[in-house]
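Asker: Here is a sequence together with a model predicted from it:
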Amino acid sequence: MVKHVEKSQVACNEALKTQLKVVLHMANTNTPSHLYPNLIQLLQSAGCPDLNSAHTYTHHETVNQMEEAIAMTISSTIDDRIANSKYG
């Protein structure tokens, strides 16, 4: 049972990482968030293994939440680096 849970967690993490990469690419190319479900569907039809799980988000509002998570992570990393530098 434990191995099944661990395998599911790994699949969930890989699916989320792939989806975050899609969102980051969309932000870098100014792609509108309403196209997110289409991009995910394209990747799934192309056989992207990380997106063939129950852990795939398909609603375009997910993009906003992922962008917020990326921004918070970047801000936190910068704050930590400044605090731990000789300038902090």
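Answerer: Sure thing, it's come through.

Asker: give the contact list for the most centrally placed residue in the chain.
Answerer: The geometric centre of the chain, computed from its C-alpha atoms, lies nearest to L20 (Cα atoms, centre = their mean), at 1.9 Å. For L20, the contacting residues are 66, 69-70, taking Cβ atoms under 8 Å, 6 or more residues apart in numbering as the criterion. For glycine as for every other residue, the C-beta is placed from the backbone atoms N, C-alpha and C.

Asker: Pull out the buried positions in the top helix by length along the chain.
Answerer: Using DSSP state H to define each element, the chain has its longest helix at helix 2-28. Residues 11, 15-16, 18-19, 22-23, 26 are the ones in helix 2-28 that count as buried (16 or more other Cβ atoms under 10 Å).

Asker: can you check stretch 43-60 too?
Answerer: For stretch 43-60, the buried set under the neighbour-count rule, 16+ other Cβ under 10 Å, comprises 43-44, 50-51, 55-57.

Asker: can you put those residues in TSV and add pLDDT and secondary structure?
Answerer: Rendered in TSV, the data for the buried residues of stretch 43-60 read as follows (pLDDT from 0 to 100; DSSP: H, G, I helix; E, B strand; the rest coil):
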residue	pLDDT	secondary structure
L43	92	helix
Q44	90	helix
D50	84	helix
L51	83	helix
H55	77	coil
T56	82	coil
Y57	83	coil
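
Asker: Widest-spaced pair of these?
Answerer: Of all pairs drawn from the buried residues of stretch 43-60, the widest gap by Cβ to Cβ lies between L43 and H55 and measures 13.8 Å.

Asker: Any stretches of this protein with poor pLDDT?
Answerer: Scanning the chain for pLDDT under 70 picks out the ranges 4, 53, 88.

Asker: quick one: A69 from A15, how far?
Answerer: With distances defined as Cβ to Cβ, to the nearest Å, the gap from A69 to A15 amounts to 15 Å.

Asker: now K3
Answerer: As judged by Cβ to Cβ, K3 and A15 stand 19 Å apart.

Asker: Repeat that for N30.
Answerer: For N30, the distance to A15 equals 25 Å [Cβ to Cβ].
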